[in-house]
Each structure stands twice: as C-alpha cells, then as structure tokens.
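Peer 1: What follows is a predicted protein model with its sequence.
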4 protein chains.
Amino acid sequence: MLSIAVIGAGRIGHVHAKTIAAHPQARLALVCDPFGDAAEKLAADYGARSCKDAEEVFADPEIDAVIVGSPTPLHIPHLLAAAKAGKAVLCEKPIALDMKDVEAAQAELDAVKVPVMFGFNRRFDPSFAAARAAVEAGKIGDIEQLTIISRDPAAPPAEYIKVSGGIFRDMTIHDFDTARFFLGEIEEVYAAGQNLDPALKDTGDFDAAVVTLKATSGAVATIINNRHCSSGYDQRLEASGREGALFAENIRATTVRLSNGEVTDAQEPYLDFFLERYADAYRIELSAFIEAVEAGTTPPTGIGDAIAALHLAEAATESAHSGQPVRLN
Amino acid sequence: MLSIAVIGAGRIGHVHAKTIAAHPQARLALVCDPFGDAAEKLAADYGARSCKDAEEVFADPEIDAVIVGSPTPLHIPHLLAAAKAGKAVLCEKPIALDMKDVEAAQAELDAVKVPVMFGFNRRFDPSFAAARAAVEAGKIGDIEQLTIISRDPAAPPAEYIKVSGGIFRDMTIHDFDTARFFLGEIEEVYAAGQNLDPALKDTGDFDAAVVTLKATSGAVATIINNRHCSSGYDQRLEASGREGALFAENIRATTVRLSNGEVTDAQEPYLDFFLERYADAYRIELSAFIEAVEAGTTPPTGIGDAIAALHLAEAATESAHSGQPVRLN
Amino acid sequence: MLSIAVIGAGRIGHVHAKTIAAHPQARLALVCDPFGDAAEKLAADYGARSCKDAEEVFADPEIDAVIVGSPTPLHIPHLLAAAKAGKAVLCEKPIALDMKDVEAAQAELDAVKVPVMFGFNRRFDPSFAAARAAVEAGKIGDIEQLTIISRDPAAPPAEYIKVSGGIFRDMTIHDFDTARFFLGEIEEVYAAGQNLDPALKDTGDFDAAVVTLKATSGAVATIINNRHCSSGYDQRLEASGREGALFAENIRATTVRLSNGEVTDAQEPYLDFFLERYADAYRIELSAFIEAVEAGTTPPTGIGDAIAALHLAEAATESAHSGQPVRLN
Amino acid sequence: MLSIAVIGAGRIGHVHAKTIAAHPQARLALVCDPFGDAAEKLAADYGARSCKDAEEVFADPEIDAVIVGSPTPLHIPHLLAAAKAGKAVLCEKPIALDMKDVEAAQAELDAVKVPVMFGFNRRFDPSFAAARAAVEAGKIGDIEQLTIISRDPAAPPAEYIKVSGGIFRDMTIHDFDTARFFLGEIEEVYAAGQNLDPALKDTGDFDAAVVTLKATSGAVATIINNRHCSSGYDQRLEASGREGALFAENIRATTVRLSNGEVTDAQEPYLDFFLERYADAYRIELSAFIEAVEAGTTPPTGIGDAIAALHLAEAATESAHSGQPVRLN
C-alpha cells in the first residue's frame, strides 16, 4: 500500500486523486494546492489530509510517493524537491515549456535515485498498448506509416492557451510520445500549423496542426491535431506495416446503434474527454508506477522520454512558424 | 449465347430482362405478357421482340430458355408447357400456392428432361453464398443455431397480399429455402404470426412473423419477417456453429459514415429493395442457369427445393393459425 | 455509507464483494459462508469481517443491507430472515427453482417493509439500459420484434447443471427479465430445447434453446441461448420497432482491429464472461440499490419481476419438454 | 447511343472496353493498339472492330468519341488529333509527365471546341461522391482537415515505375485531384518520400510517400501513399469539418464476418485493385462523359483539373527530393 500525495488540485489532480482512491494498492494521503480551499475540498472527497505549502508534502514522512500535477512551470521545482526528499515521483507532462529549464536541471535530475516517471498516459491505454504489443509480436512486420489522430472536443479558454507553451508542447506532446512509443527515434519534423478558430487568433498560437515525423527507421508518422472536434474527443491510431495494419478506434459509452428511415447504425458521440476516454489508462499508469516503486525497477516512461517529446514539440513549433522542416540531432 | 424469353412483364420480369441484357452469354429474344402493352414496352428497352400469347413463346424455335415470371397460379402451366416444348426453364418462386397443384403436376414434372431451375435468388447472393461456403469449408463446425432476418421496406398493396397465398408462401418462402440451404432437412415448424399494421388487418394475412424450424441435424433456425422496416430492406443472416459464427450483413449504396455532435458513424439506409439488394444475386443466378443449360447438368435449385419450401410455407401457415407446432414427414 | 454483508463466498459473492469495495457509498462489512474458509479469505481481501453462520449476519446491528448470493434453495430463507431482521436485501436470481416455494413465502414476502431488490443485472448494463431509454424516448416507435442473443462461453460442470433448475431457470431467467424490461407482460411461451453437447446429455437438461415469447402488446420476442459459444460471451439485443431499430452489441477489451493479407478488421474475442462483461452493470445495480435504500424508494427490480421471470422459466421448461406452446394467465 | 473508340488495349483499355460494352447508351465500335494483336483480341470480346493505326480512329466517321488509354507520352498527341478530328475525348490521367509538354499544347487545347474530359475516376466513386455531396450540403461545415489514404496492393514492375514519371505523377495524381475535389485550390506542398522496398530502390523513385497540402481555404490535407499494402487496395478518405466529419471506407466483395475463439468480426481483404474497387466509378464516369457529349455541356473534369493535378505532382516531386516545402503560384 503506497501512501501518495497529489500536488495540484486542478483537473488533472482530480483525475489522480480519484484513481488513487479506487486503487487497491494505493492510498491518497495528502492533497496540496496553494490556492483557496481546492486542496481541502478534494482531500475531503477521499478522506485525505490537505495542505497549501508543497514543502509540507516533501517533509511528510508518511508520504511514499508524489504525483506532480501543478502548473507546468512548477513541474521541475516540485519534481526535484520531491525526489531529493526521497519520494518516488510521477510527474505530469510536459516536463517544462523550455528545454533550457530542463538542461539546467539535468544534472540534478540525473543524480536522482528515486523512481521518477512521466505521465504519458496514452502508453497505458488498453487499445494503444494492445496495438503496440501486436507490433512487438510481429503481427504487421516493420511499421512503414503511422497515423495519429488526436482532436479535443473543445478548445480550452484563450487564457489557458496563452500560457500553455503552444499546441505542440501542450497537446501534441502526447502524440509525439505515442509516435516514439511505436517508431522509436525521430530525425525530422515538419509541422503545418492552422488557425481555424477566429476566437483563438489573438493567442498567437495555432489551434490545429498536421505534423509529419520522419523516423530513423524510414517510417513516416503523421499527427493530426485539432483543438476542436464536434463529434467528441477523437483519439485514433493506425499503424501500417509491411505485412499488415493495426487500428485503434474511438470509444463510446455504450455499444448502442440506431437505425431508422434516415440513418442506419448511428452511434452516440465519442467519450467526451480525457477523464472518461483515458480512465483505464490513468489506472494502469498508476499501477505501473506503483509496481516500479515497489519492485525498485525503472519506470516505463523516464525523463529521456519527457525530454525527447519536448524536443519534438520545440522542433514542431519552429517548423510551423518558419514553414521549413527541422532536423533533430 | 442463350436466347431467352421472359414471360411476365411485371416487376420481376423487368429484373430478369435487365439482367439478361447485361449478361455476356445471354440474349433477351422475346418478352410475353397478355396485358396491355407491357411486353412491348419492356422488349423495346432491350431490342427484343414481344408477344401477348405464351403459346407463341413455346412454339418459337429460336427460344432456348424461358424465364417464368408470370403470376403464381400460372407458374405450373407455363413451366410445364415450356418444358414440354423442350425449353430450359427458370421459374420464379413460389412454384404454386397449393401443394395439391404441385402434386397433380408431379408426374408430368418428373418426366421433364430439360433443365428446370427455381428462382431462389438468395442462394446466389455473394454474401449468403460466401457464408455457406465457409460453413462447407468447416470454418464454424456444425451449425447449431441459424438466425435469418428478412424484412421488406414497405408492405405491398392489400390487394396483392390477398392473392399472395399469405406471408409464408409469398415472403418467407425465400427464407425457408435459405434455412434449407444451410441446415438441410427440417422436421418441425412453429410460427408466431403477427398483425401489426391495422391497414393490412382486413387481408386476413399476417404482416409479420417469427418462425422456429427444428432441423433433423438438431440445429434450430429462427426466421424473423416483417412486411415493414423503416430502415430499408433488412436482409441478414447469422450462422452460429460449434467452433465459430458467420454473419452476413445489410448493404448500403456507399460506405460513407457521418459523425457530428449528435451522432457518430451514421450510415445511410439499407439498399431499398430486392432489385438493388439482390442485383448481383440475379446475375449470378442467371449464370448458374446458363451454365447448367449449356453443360447439360442439373441446375442448383431443382423442383425438390421448390416443393420443400412450399411444404414449410404450408406448415408455417397452419402453425400460425392453430398456434401449435407442425411436424413434417 | 451503507454497511453491507454478503452471504455466499462463491463466484457471485466475489463479484459483489469487489463491487462493494470499490463503491464510494458502500462498505463491505461482513462476508458469510458456511463452507471452509471461503468467507474468511474473501473478507480478508477487502478488510471485512467474516462468519460461517448466516444468523450472525441477521443479528449484526452494524449491517444495513444484505446481498444474498447463497445457493438458490437458500435464497428465500435468507431473504426472509434478512428482511425480518430489518435489513435491506439485494437477492440474486433466480428467487427459487419452484414456484410453490415462492407462493408459500408470498405472504411473508408481502409483509416485508424493507427494500428488497432482485439481481437482474442486465437492466443496468449501460448499453441495454440506453437501448431501453431510447425506446422510452420514442426513438423507434412501438417495438414489434425483439431478439435477445445470450450465449455463455463455456458450459458449467455437469454437476452444476443437474442442480441448476435447468437452463431456463438458471440462464434464460436473465433474458426473460430483459424481454419483460422491453416488452412488458408476456402471454405465451414456446421453447425449442436443444441437446448439442454429448457430454451434457446425462444431465437431463437442454444445453441450448430458442424461445419465442408473445407479448400482450402484439410484439414477439426471440431468445437464443447456448451454454457454449466459441467466440466468447455473446450478449446482444435487437429491438425492432415501427419507426426504427436499436442494436446493443458485444464488448471487447480493446478497440484494436488487425488487417493483413488474409483478414481485415479482425477483432479480439468478446469479453469472456459476466464478471468482465457486466462489471459496469453490477456497479450500477449496486448504486440503484443503495439509492433506493437511502431514499426509501421502491427498488427498480422487485419481487414481482422475480416471480414473473420464474413463471416464464417454468412455462419454457414445460414447452421444451412437451413440444407445445404454453399460455400464461 | 454513342459510338466509342478505345485507343490502347492495355489494362486500362480493357476496363473502358468492358464498361462501354455494358453501358446502355454506349457502343464499343473500335479498339486501336499498335502492338501485336492486342486490339484485335479485345475488340473480338465485344464484337467491335480493331485497328493498329490511331489515324484510322480519327478518320473514322462512325466514331463519335475516343477514349485515350495509350501510354502517357501519347496522351497529348492522341488527345489533340482526336479533338481536331471533331471527336469528343475522354483522356486517361496523367495528361503528361512534363508540364512543358502541356504548355506547348495549351493553345491548341484551348482551341478545341469538342468536349474533353479527364479520367479522374475517383470523383465518380459513389462513396467519395456522396461524401463530397454531403460537404456541399453543409453536413460538416467548412472542411478543416482532409486525410486521403491510398495504397496499392502491390507495386508494379520496376520497369513500369522507371517510365511512370514517378509516384507523384503516376499514383498520387489521383489523390491530388481528390484533394482539389474537396478543398479547391492548394497553395503549398510538402512531401516526405519513402524507400521501403529494396527491390524498387534502383528505380530512383519513391515507393511510398506522405504529402501535406495547404489549401487556400486554410484547410490542410494529408495524402498517405504506398505502392504496397498487404490487406489489399486501401482507398479511404476522411473529411473533418467544423461541425462534423465524413468517412469513406474500404470495400470488400461480401459483407461476411467470421468470429471464433481467436478472432471476432474478421472480414475478407479489400477488393484487390482498381478494376474491382472502382468498377462503379468507371461506369458513372462514362455516364458523365456521355451526358456531357450528348447535352453539349462542359465535362466535369476538364483540362484545368488535369493541369492542376500535374502541378501538384511536380511540386511534390521537387519537395520530396529537396526536403523543402514548395509553394505554388
């Protein structure tokens, strides 16, 4: 039974708190959030303690592990402090918005001996994971072309977008990790940014994008992103290999189909957002984290993965603004 | 190149005329219909001759084969006359409405040496035929339960229903043949007739029915019929065997699916009726007929099949009226 | 927070214990099983107490509600004792194997003032419930034909079958309830029993069956059961109405499809059995029970439903043995 | 009834000959091919005349229209000669391999008064056409992202590839036209070429590619091509708009699905190649051509479409070789 503290009582903090509470091998011990009574409320829902100062978390001898769900600029400080205090850490993505911050922390991060894992939850989605396992099992031969479709049901507020680091660091970062999960190293990035929603134009960010990744293996991946999708949270993947292809499809709450004089086999919209769509993934991610902590093994998504995804996000940002492809080294 | 005459210039006559005209090994030579100028019009569409008297068909030395698409009471007279004139015959279902008529003609029918085939077109539907072939190939082991769903998009006029011989002889007859196609001999029939459409109540016929067939093999088949289906012409089949199951699904004109905020993967209605749904089946049926005629082999659907299906229709009619199962001998 | 005791530490007891443990408003307080240390083991998994004598459950003042998951012959005794002790009761299906036992207990049952609910879990399956809600919302007009397909992945041991009360009371009982859930009252039953598995012949029971139900509404339902299904736990439903149709489909663990040179869109087998397939249904069923207990309202599946389903099972048993349809009064 | 001559008795010539023969308003009058007895054989299959010299076609007063299915370098000469002889022309894609050839012919082409249509058959595919019609009808709002997946079942011989003009002119040309069909004008092209099959490396051509097109509208299209696809001829399309999305899927010969202990809903491979997959499209394309000829209207795919697609192919070729995006003017 792992005693876990959650830092950040926002949307992602709620996801983790709920997931921990329902997990047979984890206990939600502490929720920390500096603003208002968010931590207190969330903690109360699950019979946990709460605090406003993250230092209390790091100093608490009862805490075995910390989930860092604070705003992105605090990820590295919280991650380092928790790790130095000997806590295992599960840190949300992206690790930071600027590679310089990561580089500055690199030495300290390398010295960390506690298990540190990064929240690339989609690797733990049962369908994506099963597709990856089928690839590993040789079901489709070498992957030649990978297509990742990832659209949010609706854009976040403009204020969020302005501080998000941009669509590639905030949203595509998951898809970059998925591409690496299937294809390994990427050597060139080309991104076509789009401004489709007039209401978001002022943010200075793209609200949709199509990214082409050339992998070292010779495979090419396409990532299609949109901050808006009228049918719901559109999360799909196609891996096309020399000897076959694998498809991971969208999920709906039920299997019901309706037919009548105007339509046949009509289904309900996709599960609306990541809380529902990736509920299983968060649970399995937590299990993987607990297993690594308890067994003393290396967690499946390490800092190398966090850095690689951030590199891709930076390259895509540069490409979308310059209009030219960017090579990674 | 087979010279073919079509008797009957109604709906089914049009289907056959069109199919013959497009067939590389067949030629539409003559269309016969006693009423008005129906034959003339249909013949003109395909550059064929026309006549009003069926005797002219039987006497015509140019005619190799006759397709009997006249009203059901004329099936046996036309079939016998054509066969006695040495013409190969493709006769529409049902052979007759009353088994007594068939029995009276039995001796004459047995003496017929020309190829005689009956229009159980669904055996030639690519999907049903592929399912049957997969069963024969042992893909699902012995069939244990068969489900046939067969619903028309809309009921025919009440006047048609009154002279149709009833739903089981007119509509289910196809499904009885399909059941025999998959399961072989049937030994008991139970039919639950339904009167769902008030407008058809006066016909004295059922407008929907669920039929249970016990096969000699131990398998049980269910046929679900309805004269009305709001989604279109609903034609499906499930064969469930000891080691697997096969499904043949409905067909639409395109593969297009629509998703939006209210619906996902919505498709268009099923192909509306038998002309469209079974266009391929009529073509392949004609090929099978031509092949049997030219090779001098026994056609795939003989008079034994026509009689067996009619027996089942009579048993189902009796069962639906009496409420009791009926054993066949 | 409802303190719940589970009587019976067998397969269904494990389902309920797990469901209670994960439910935010319920607490597993006590597990009771007279045999060996089954109760002790199950209780230990969830930090609950255990006992061997059901009397201890009824006498325990801490227990608010009892889930009766004991062998069927003990359902009525345990249900009555718990209810008389003032405990709310959630009783597994079937209520009993013999209607006489139910009738004998009827008066006592009627006098019960505590909430008593019966475990027809499929009413709470999200897909079946959504289909039913769509019917209620008028999406398909009046239901004309209902098809329920319900096949188990593999038959239970012959010893279980011998004491199960027969396929209709043990397995079809769920489908009878589903038919009533969609169609209301049933007035006639015809059942075609099948003996497909030689290994089960000696049990004296059928191992597959096709049941036809005539509803008072004029609708006809078909239930297709099989103790064996090679593709997994086959649980589907089609409701065909005057203005449309609804389909509830099978569920798989992932959405992954595989295509290669031999196959396209191949998916994995269906979820293997009821623990997985109806996990959500058990959870929602428990919520409905808790809600009824806490609000003092009538639970959604009352003793009337349990009796009606048992009546249908008795009629189907009689029909399958006699070969004749059976009318209910 | 239009009398049509086909120039070129190769694979595409066979497609057109068969389509004409089966078309109620067209007559295959003449087949022309300079090599061996190819023309004679093909003509004989449909009772047409044959010749070896294209001049005979242009001089033949009986010929109303010419379908140019000769090798690509002869497209412009044949097209011009036929048009100058007053024949309506349906010319296969691509119009030429080099834009200079088109420019040289431009003035002559502009002076042509007869109907000239180009064989972008996919615009006439029922599913692609229905998707386009749904877009026009406003079903999904403005298109934001378009994905075209187009993979051949197997690469042509290396000798063919060497003279094909490269993958973009030979294969992607269809997809470029489809992109324009949905999105209108394109202003920038980025192509990632791939060399996946060692056997084709020596051709100097790519055997797979992922192309990004920026449309003037702000939409981005992705084209995913591969000369090889183990599952068959993979032809799909997704149009994602502000208010919905449309999907056109692959087609199989039957609707049969197989389920067993290892797989569920397994379907057969996709229709193997363009003759089968686009049989309907060729038929509808021919109808559109005949209709334009007979009504004296402008054919739906004119020389402007042929030129625009070739421009995109040239830009993609340049981009794939240089690694840089190419702007069109």
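Peer 2: Good, I have the coordinates. Model, not experiment: these values are computed from the prediction. Residues are numbered from 1 along each chain as shown, chains lettered A, B, ... in the order given.
Peer 1: tell me which element A:Ser50 is part of?
Peer 2: strand A:49-51 (DSSP states H and E).
Peer 1: I'd like the distance from that strand to the chain centre, please.
Peer 2: Its chain's C-alpha centre and that of strand A:49-51 lie 26 Å apart, by Cα atoms, centre = their mean, to the nearest Å.
Peer 1: if we look at it, which residues are touching it?
Peer 2: A:29-33, A:39-40, A:42-44, A:57 (Cβ atoms under 8 Å, 6 or more residues apart in numbering or on different chains). (C-beta placed from N, C-alpha, C; glycine too.)
Peer 1: Check stretch A:54-69 too.
Peer 2: Against stretch A:54-69 from outside (Cβ under 8 Å, 6+ apart): A:2-8, A:10, A:12-13, A:16, A:20, A:29-30, A:32, A:34, A:51, A:70, A:74-75, A:78-79, A:81-82, A:84-85, A:87-92, A:289-290, A:293.
Peer 1: CA atoms only: put that stretch into PDB for me.
Peer 2: Written as PDB, here are the backbone C-alpha positions of stretch A:54-69 (Å, rounded to 0.1, in the frame of the first residue of the first chain):
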ATOM      1  CA  ALA A  54       4.300  21.900  -1.100                       C
ATOM      2  CA  GLU A  55       7.200  21.900   1.500                       C
ATOM      3  CA  GLU A  56       4.800  20.100   3.800                       C
ATOM      4  CA  VAL A  57       4.500  17.300   1.300                       C
ATOM      5  CA  PHE A  58       8.200  16.800   0.900                       C
ATOM      6  CA  ALA A  59       8.700  16.900   4.600                       C
ATOM      7  CA  ASP A  60       6.000  14.400   5.400                       C
ATOM      8  CA  PRO A  61       7.500  11.100   6.500                       C
ATOM      9  CA  GLU A  62       4.200   9.300   5.800                       C
ATOM     10  CA  ILE A  63       4.400  10.100   2.100                       C
ATOM     11  CA  ASP A  64       6.000   7.400  -0.100                       C
ATOM     12  CA  ALA A  65       5.300   9.000  -3.500                       C
ATOM     13  CA  VAL A  66       4.200  12.300  -5.000                       C
ATOM     14  CA  ILE A  67       2.200  13.000  -8.100                       C
ATOM     15  CA  VAL A  68       3.100  16.400  -9.500                       C
ATOM     16  CA  GLY A  69       0.000  17.900 -11.200                       C
END
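Peer 1: Next one: A:Ala105 from D:Ile148, what distance?
Peer 2: The gap separating A:Ala105 from D:Ile148 is 43 Å, by Cβ to Cβ, to the nearest Å.
Peer 1: Near the residue lying closest to A:Ala85 once chain neighbours are set aside, how many other residues are there?
Peer 2: Nearest residue to A:Ala85 in three dimensions, chain neighbours excluded: A:Phe58, at 4.0 Å (Cβ to Cβ, 6 or more residues apart in numbering or on different chains). The local packing of A:Phe58 (other Cβ atoms under 10 Å in any protein chain shown) involves 21 other residues.
Peer 1: and A:Phe58, what element?
Peer 2: helix A:54-59.
Peer 1: Pretty sure A:Leu30 sits in a helix.
Peer 2: No. Counting by DSSP: H, G, I helix; E, B strand; the rest coil, A:Leu30 falls outside a helix, being strand.
Peer 1: circling back: of A:Ala105 and D:Ile148, which one has the most company?
Peer 2: D:Ile148 (26 against 19).
Peer 1: Averaged pLDDT, whichever strand or helix holds the more buried one. What do you get?
Peer 2: In the assignment (DSSP H and E), D:Ile148 maps to strand D:143-151. Average pLDDT, strand D:143-151: 98.
Peer 1: Going by neighbour count, which residues in the very next helix or strand once past it are buried?
Peer 2: Downstream of strand D:143-151, the next assigned helix or strand under DSSP H and E is helix D:158-162. Residues D:Ile161 are the ones in helix D:158-162 that count as buried (16 or more other Cβ atoms under 10 Å in any protein chain shown).
Peer 1: what's the offset of the helix holding A:Phe58 from the middle of its chain?
Peer 2: On Cα atoms, centre = their mean, the centre of helix A:54-59 falls 25 Å from that of its chain.
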